[in-house]
Every structure is written in C-alpha cells, then in structure tokens.
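K.L.:
based on what follows, work out the 3D shape:
(chains A and B)
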There are 2 protein chains.
Amino acid sequence: MPATPYQYLSLALQFTNLTQPVTNMAVKSIYNWAGCAIGGYSLPPASVAYEALSSVLPHHSGNVSVLGSGAWMDIQTAALVNGIASHVDDYDDTHADTPIHPSRPVASALLAVAEWNFPVSGQDFLTAFVAGVEAECKLGVAVYPEYYDVGWHITSTTGSVGAAVAVGKLLGLSLEHLQHAISIAAVQVNGMHESFGTDTKPFHVGRAAQSGLLSALLAQNGYGGSLQGLEAERGWAHVVSTRENLTAEFSTLGETWELSKNTFKPFPCDRIIHAAIDGCVQIHDQAVHNRLDLGTIKNVTARTNPMVLFLTDNPEPRTSLDAKFSVYHAAAIALLFGQASPAQFTDEMVRNTTVVELRAKVHITADEGISEHEAFYVHIEHALGSIENPLSTQQLKDKFIEHAGSVIGKQRAEKAFRAFSQIANTSDVGSISRKFRK
Amino acid sequence: MPATPYQYLSLALQFTNLTQPVTNMAVKSIYNWAGCAIGGYSLPPASVAYEALSSVLPHHSGNVSVLGSGAWMDIQTAALVNGIASHVDDYDDTHADTPIHPSRPVASALLAVAEWNFPVSGQDFLTAFVAGVEAECKLGVAVYPEYYDVGWHITSTTGSVGAAVAVGKLLGLSLEHLQHAISIAAVQVNGMHESFGTDTKPFHVGRAAQSGLLSALLAQNGYGGSLQGLEAERGWAHVVSTRENLTAEFSTLGETWELSKNTFKPFPCDRIIHAAIDGCVQIHDQAVHNRLDLGTIKNVTARTNPMVLFLTDNPEPRTSLDAKFSVYHAAAIALLFGQASPAQFTDEMVRNTTVVELRAKVHITADEGISEHEAFYVHIEHALGSIENPLSTQQLKDKFIEHAGSVIGKQRAEKAFRAFSQIANTSDVGSISRKFRK
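P.N.:
Just a heads-up that it's a prediction; the model follows:
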C-alpha cells in the first residue's frame, strides 16, 4: 500500500469531496446508529457495562452522554457503552459487500469526541465519519471472506481502525500522527464469532470504538507506532488474514465509496436471517388475506444458504440475544405476528409457549444454490433492507421513533430524530444530545 | 478442553497448593515486575500515555498508583500505564518454553485491584498471580510457535486472558463468571510484531492488563459471554492459530508449573540478543584482561540463530526503543562497555559517535545450526538469564535497585524492594506502594 491512502484519509478528503448521495447516506447512517444506541440501552449489556464502569469511576464524571440513560460520563466510558448499546439489538446498518456494520464503532467514538471537545460542526463530523467508514470497509473488502470465515467479527476488528481514522481526522492529526493512530488501533483486534448470541458480541463493538478513540488520543499526544501498521509483513492484514488485497482496495478511495453500499436492517437480528423473516412475513400476510389459521401449521420446511445454519442454527434460544441468532425463532415470530421488531425478540417472547411450539416445527436445510440473502419459503430474492430493496426514509424514521421511543418516550425520540437527521447543518454536534435530554 | 481447567483456576487452586519453589518464583517475578514498572516510567511511553489519559479524566482521580510517577489514578488507567511502564525497557521476565513475559500483564492488573479494593493479603495476591500466569503460559505453549511466527505478540495476546483469570480469582468470581471473564478477555487480542521498536509494543502489554481487568469487572457485574471462549470452534485458539493443543496443555495444570520455568533478563532488550550481548561482554572482559585496545576493532562477525535477524536486523536504530531490537547496537555497546544496562540503551547512547562507528562494523550471519540462545562470538551455550544460567537473587536485587532507583532514588528503591520481596507475608498488598511514596 503506498503512502497515498494515509495522505488521502488524513489530509486530502474534505467535506467538499463528498458527493450528495454519500452525504445523505452518512446522515441516515448516523441517525440510524443513534436510534439504535438510544433504544439499545434498554437491554442489559449497555447498562451492566455502565454500572460496572461506574463502580470504578465517579458517576457522572464527564460531559459525554450515555445515550438512552440520561447519564454523562468520561469520553472513554461513553464510547464503550454507546458502542455496546448501538449493536446490542443487531438492528444495524450493513455494508453490502461484507457483513460490516460500519457506523457502529465509528459513530460511537465520534459523538463522544464531539461532546467532549466541542464545538464540532456537522460538516466536520460527517467528513470524519466518512473517512472512518471508508477506511474500515476498504480493510474489510481486502480480507473478506477468508478473514470472516475463520471466525473474526469483522465489524469490530476493522472498526477500531475506522474509529481511529475518524477521531484522528476530527482532532486534525498530522499525516504521521494519523499513521501512528492507525497502527495503535490495528494491534487491538477485538471480536470473534464464538461470542455471537452473548453480551460479548456488542462488547466487541464498544471496545472497538473505545480502542480507536484511545489510539487517536495517544497519537495526538505523541505516542508512536509503526508507519505501516496495516500493510507491513507482520502488521494487521498479514497477521489476521490468509489473504489480503489492501493495495488494490485502498487505491479506490474517493472513487468507489463504500458508504454508498450501506443498507439498513428492518429486523433486529443477524442479517443472514432477514430473507427468512421476509418470506415468513409474506406467508403470514397471505394467510391473513386468505383467512387461513396459522395455528394449524404442522411443519415449516425451508431451504437457505448454508451460511444461515453456520451462524444461526440454534433451535432452542433461551434469551433475547440468543434469539437474534436463531433462524427458528425468526421464522416462528414472523409467521405468527407478521413482523419482527424488538418486541418479538424480548426474553418474554423467547419463552412464549406459542412461539416455542411453532419454533419446534421449523426445519431448515442448507442449499449451496441459494444466495445468502434469499430464502425458499416463498422465493425472496432480495430481502427488505438489502441494497436492492432498501428501507425508505420513512421506514428509517419509523424504526428510529419506535426503537428510541421505547426508551426515552416518543416525544423525545421525535426531537432526537429531528436533531440527528439535520446533523449536516449544525455548528455543534455535541449539543445534539442536550436537545432531547429529559 | 474439559470444564476441569476452568474449575481448577477458579476454585481448586489455593495458596496451600503452591509449592515453595513456585511461591518463591512468584515473589521474584512480582518484584522484578515492580522494579521494571517503577524504572520504566522514565521512558516516554508511560508518561505520554498517562498525560493523554489525564487529559480526558481528572488528574489524581483514583486511589491506584501509577508506579514511578507519584500520581494516583483510577484502576483502569493505572493498569494500562503500569503495564506500559513494566515492558517499555524490555527488561522482563521470560517463560523458558515460549517468548511470553508472564508477569507483565498479570501483575499490572492485579496490583491495581489490590490498591483499589483493599485489603488483599499477600497469599491471595500470590495465588491469583500464579493462576493468571499458568493460564496465559498454558495458552501460549498450546499455540507456540505457529502463533508467534505469524506475527502475534504472544505476551499481550495471551496476557489479557492471564490478567482476567488473576483478577477474577482475586475478586472471587464464581466458576461461570470466571468463564465469562475469560471469554470477554479472549476476544481482545492485542499486539503484533510490527510494533516492535515503537511505543506501541509496551502499549500491547498495558492494554492486555487493562483488557483482562475490564473483563473480570464486567463478569463480576453479570456481563455474559461464551462458556468456551478459548476452545470453541470459533473461539480464541482456532481463530488466532493454525495449531492448538489446549486440552493436553491445560490437563497439566497444577502438575507442571509454567511459572517454575520463568527466567529474568539481565539486559534491557529483546531476549533473542542476550546471547550476543553475553558473548560480547566476555570478549570485552578478555580484552581488558589482556590489555587489548577495543578501539582498534576493524570488524565484528558473528553467527546466530536466524530468529535473531528475523526480530532484530536493524543496523541503524534511531531511538532507545529501536536499539532494543538491534543486534548491532547490542553487540557494539557490550563490546565497548562490557555491560548492557538501561544506561547503554538511552537515546543519547544510540547517537553516541563511538557506538555508531562500532555498530557499523558488526556483521551477523544466520545459521540454522545455532539455537536461539546461543551465539558464536565466543561460544555462549546458555546466555546469562537463561533457565540454565539464571540471575541470582542478589543480581535480581541489584537490577531492581539500579533500575527503580534511577527514577525514585536509591533509598526509596530499597524500601520498595523490601516491601515487594516480602509480599507473601503482607496482609494488605495495596499498601505496599504507600511504603515507598515520596
């Protein structure tokens, strides 16, 4: 990899370089992230992490908001907890060419900086956000799928670098300092598949946000590192992956915008089972239309891509987080309720007798001939929320209000949505969370 | 891996199980660590990290000492900075069967807990320390050398798990909570060879200490994770290494004590060049004895194991940290001064004209027939500080007093040595650092 990508990320990329579609997608990605972080605070991982860290630091010991909680903490704790909350519902954005949820680590780190070191203008925030997302997604495509298939959680493992680039850019680091920040972030590789279905999965994302932020802060203070942390023989790419294509992928910076391939999840669970849900919702709707009784279902048989079973073959989930990685739960609630919102993934719903009974009737077979985003209940070629069948702006807003509103109430959620969706025009991003404070 | 190793680490292992040699080695390892952490504060990485973190948190915002600085911080910051300081001089202890420096992450995390959550008895501290070291070294031997050779810094990448086990044990976590702590730590893989010679190398160790500590604190508060984070198909061992032998290695817990294979470095640089230094010191001493003029050296030619050049082939180091990974610098200062203490690895010494001139005359060739701890200047079969030729207790004390004394003065260093070497008999480990406070 030539020095050019580092120069591009640190200096060349400016707000004026962003195309309108890229800016629009950045804004949507940020408010979709914020809705998830606010709404996600209702599940245990975020609040448990907040309580654990509060036990070793004074409560309210900073000026950075822990979204959804009403609390304010130091920048590092807030980045960690907001990162956890933003990913706990698996209600993310997703890069279409990899399974990266790009905004999670980047926005979690950036908003913490904007509240701590204010004022940060919306334009600077968006530019830093785009730089971070481009860096992590270029890294991701350079090592995907080998890297993912071995078991790394690609969102968090590329996310620490994305967060370091974004924060470094916001702090105005020099080229060399940004290279140091990237290298410090690159040696912090957080996240493996074994955590999926546990509290540790969202922790990956929070820790990635915090790791990138810490790296940029250290580099800003003169802490040194390699100038080639990503591409060197014993640097990130070669150590973590059996294949890497950094030079080619990073050479497209500013030409191929990875952010333009971002998509948003309509359902709060792993994207790999979205097609199955989409199909079951359609079956539900047809059944309702034809006045069929869904209670008489004897058997649900479906064919899916083998990756669906690789990641979600859990017929007996016990908790909300488990259920987000159970294709059986997903099919059952979609058939029964015709929808899959956070309400269908609560601990109570996981134990609901009707759901448990229907779940036991679901049988899935793997079929190499079916792509990851298809399912053969009814044929779903492009699940809702895919790049070919994206959520509309109205659907994104509804998602935000319902999810964030479940934690802070509908009225404050409306205020929050308005503030985040107008981020491009604000002169102080750090003031946004004060606008919907209780 | 059966559940037994987790049970052994969490519950079965008690102070009374430790043999006298294991306890003695634990005490030496802890005071050798403390001397390095106090002495290491004089190099920039520790103080830069402290300043960077102080800028986002109130100064003196806790009750945990930043060794060598006189400052007190919160538990997480102190664990990070003490971990950095303890490794910055590369003056470590080293496990003879792997390149793991076992006490660095474990003691950095443990002392922070003992100061924060006091009183912790010396016996409990030592038991937790041994549990952490055994866990990280068993992990290390299970994946070494494949894992190391690909570029992971094995001290820090196993160290987060070692620190989690140690802190978890000190906090009295249940079996299940300790398994969670281990899994949260296992997904935080910090450290790659590309950082060697930069500030980021000691950062690996500090971050490992902090990651393990955070994992145990989260688990204590009920944060969940996998119950098989190390051995599962997509857990630590399989994701990070092409080979693993966890079941066999962990089955020897409590029978084969990894800590009994610990060694201490006589020279503040990578252990791979200790044989070269030892040989050059002997040449120096013979030359002095025979009244030869070392200024007339025209050429220094040596054969070493290929790993020496793999890790330390840097003929023109520019900084203190660079020089610790330069076999050329090491040979030059050992020939010139007949010793290799921190004073021979300062930035000034790296730029010293006589040293620079002699360095340029050193030529190294790789020879597969020579083991890692040999060198053919004069034949050094077992370098000083190896398991066959260990430092004496007096040499360890001298090392402590010289190194720590360079930062806190000889008198306080004597007090610190006394307190740490009597750790087994104290009822409050957290009070030790107050005993040598200014």
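K.L.:
any idea how chain A splits into domains?
P.N.:
A:5-264, A:271-376 (the TED database).
K.L.:
show me what contacts A:Val143?
P.N.:
Shown in contact with A:Val143 (C-beta atoms under 8 Å, 6 or more residues apart in numbering or on different chains): A:Ile154, A:Ala237, A:Val240, A:Ser241, A:Arg243, A:Glu244, A:Asn245. In this view, the C-beta of every residue, glycine as well, is placed from N, C-alpha and C.
K.L.:
same question, A:Lys397
P.N.:
Neighbour list for A:Lys397: A:Phe417, A:Ser421 [criterion: C-beta under 8 Å, 6+ apart].
K.L.:
then whichever strand or helix holds it to CSV, C-alphas only?
P.N.:
Per DSSP states H and E: A:Lys397 is located in helix A:393-408. Taking C-alpha atoms only, helix A:393-408 is exported to CSV below (Å, rounded to 0.1, in the frame of the first residue of the first chain):
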residue,chain,number,x,y,z
THR,A,393,-36.6,7.3,4.6
GLN,A,394,-40.0,7.0,6.2
GLN,A,395,-39.3,3.4,7.3
LEU,A,396,-36.0,4.5,8.8
LYS,A,397,-37.7,7.3,10.7
ASP,A,398,-40.4,4.9,11.9
LYS,A,399,-37.6,2.4,13.0
PHE,A,400,-35.9,5.2,15.0
ILE,A,401,-39.1,6.5,16.7
GLU,A,402,-40.3,3.1,17.7
HIS,A,403,-36.9,1.9,19.0
ALA,A,404,-35.6,5.0,20.6
GLY,A,405,-39.1,5.9,21.8
SER,A,406,-39.3,2.7,23.7
VAL,A,407,-36.5,4.0,26.0
ILE,A,408,-36.9,7.8,26.0
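K.L.:
helix or strand right after that helix?
P.N.:
Counting by DSSP H and E, the element that comes right after helix A:393-408 along the chain is helix A:410-421.
K.L.:
which elements pack onto that following helix?
P.N.:
Counting contacts by 3 or more C-beta pairs under 8 Å, 6 or more residues apart in numbering or on different chains; DSSP states H and E, helix A:410-421 is packed against helix A:20-40, helix A:393-408, helix A:432-435.
K.L.:
and the residue sitting nearest the centre point of chain A, how far from A:Phe310?
P.N.:
A centroid search over chain A (C-alpha atoms, centre = their mean) returns A:His101, at 3.6 Å, as the residue closest to the centre. According to C-beta to C-beta, to the nearest Å, A:His101 stands 18 Å off from A:Phe310.
K.L.:
what about A:Phe15, how many residues close to it?
P.N.:
Around A:Phe15 there are 16 other residues, counting by other C-beta atoms under 10 Å in any protein chain shown.
K.L.:
which bits of the stretch 151-300 of chain A sit near chain B?
P.N.:
Residues of the stretch 151-300 of chain A lying close to chain B by C-beta under 8 Å from any C-beta of the partner chain are A:151-153, A:180, A:183-184, A:186-195, A:198-200, A:203-204, A:207, A:217-218, A:220-226, A:228-229, A:232-236, A:238-239.
K.L.:
from the residues you listed, which land in helices?
P.N.:
Among these, the ones falling in helices (DSSP state H) are A:180, A:183-184, A:186, A:200, A:203-204, A:207, A:217-218, A:220, A:236, A:238-239.
K.L.:
turn those into CSV, including neighbour count and pLDDT.
P.N.:
Below are these laid out as CSV (neighbours: other C-beta atoms under 10 Å in any protein chain shown; pLDDT from 0 to 100):
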residue, neighbour count, pLDDT
A:His180, 29, 98
A:Ser183, 30, 98
A:Ile184, 32, 98
A:Ala186, 33, 98
A:Thr200, 33, 98
A:Phe203, 31, 98
A:His204, 29, 98
A:Arg207, 29, 98
A:Leu217, 24, 98
A:Leu218, 27, 98
A:Gln220, 20, 98
A:Trp236, 31, 96
A:His238, 21, 95
A:Val239, 23, 95
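K.L.:
so which of the residues you listed comes closest to B:Val48?
P.N.:
A:Leu218 (7.2 Å; C-beta to C-beta).
K.L.:
how about the contacts made by that closest one?
P.N.:
Shown in contact with A:Leu218 (C-beta under 8 Å, 6+ apart): A:His180, A:Ala181, A:Ile184, B:Val48, B:Ala49, B:Ala52, B:Phe203.
K.L.:
same question, A:Arg271
P.N.:
Neighbouring residues of A:Arg271 by C-beta under 8 Å, 6+ apart: A:Asp92, A:Thr94, A:Pro99, A:Lys265, A:Gly385.
K.L.:
adding neighbour count, pLDDT and secondary structure, write these out as CSV.
P.N.:
Formatted as CSV, the contacts of A:Arg271 follow (neighbours: other C-beta atoms under 10 Å in any protein chain shown; pLDDT from 0 to 100; DSSP: H, G, I helix; E, B strand; the rest coil):
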residue, neighbour count, pLDDT, secondary structure
A:Asp92, 27, 92, coil
A:Thr94, 23, 95, strand
A:Pro99, 21, 94, coil
A:Lys265, 25, 94, coil
A:Gly385, 23, 86, coil
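K.L.:
and the residues you listed, which two are furthest apart?
P.N.:
Largest separation among these by C-beta to C-beta: A:Pro99 and A:Gly385, giving 13.3 Å.
K.L.:
please report how far A:Leu384 lies from B:Ser241.
P.N.:
For A:Leu384, the distance to B:Ser241 equals 40 Å [C-beta to C-beta].
K.L.:
per-residue confidence at the residue of the stretch 251-400 of chain A at minimum distance from chain B?
P.N.:
Of all residues in the stretch 251-400 of chain A, A:Leu321 sits closest to chain B, at 8.0 Å by C-beta to the nearest C-beta. Per-residue pLDDT puts A:Leu321 at 90.
K.L.:
A:Val288 too?
P.N.:
On pLDDT, A:Val288 comes in at 88.
K.L.:
returning to that earlier point: can you tell me the closest non-neighbouring residue to the residue of the stretch 251-400 of chain A closest to chain B?
P.N.:
Closest residue to A:Leu321 apart from its sequence neighbours, by C-beta to C-beta, 6 or more residues apart in numbering or on different chains: A:Gly197 at 5.5 Å.
K.L.:
burial check on the residue lying closest to A:Phe417 once chain neighbours are set aside, number of neighbours?
P.N.:
Of all residues beyond its chain neighbours, the one nearest A:Phe417 is A:Phe400 (5.0 Å), with distances taken as C-beta to C-beta, 6+ apart. By other C-beta under 10 Å, the residues close to A:Phe400 number 23.
K.L.:
and the one 3 residues further on, by the same measure?
P.N.:
Number of residues near A:His403 (other C-beta under 10 Å) recorded here: 24.
K.L.:
next one: the one 10 residues further on
P.N.:
The number of residues packed near A:Ala413 is 23, by other C-beta under 10 Å.
K.L.:
please tell me how far the spatially closest residue to it that is not a sequence neighbour sits from A:Ala37.
P.N.:
Distances taken as C-beta to C-beta, 6+ apart put A:Gly405 closest to A:Ala413, at 3.8 Å, once the chain neighbours are dropped. The gap separating A:Gly405 from A:Ala37 is 14 Å, by C-beta to C-beta.
K.L.:
which one of the two has more residues nearby?
P.N.:
When neighbours are counted by other C-beta under 10 Å, A:Gly405 and A:Ala37 differ, and A:Ala37 comes out ahead with 31 against 19.
K.L.:
the more buried one reaches A:Leu80, doesn't it?
P.N.:
No - counting by C-beta atoms under 8 Å, A:Ala37 sits too far from A:Leu80 to count as a contact (11.8 Å).
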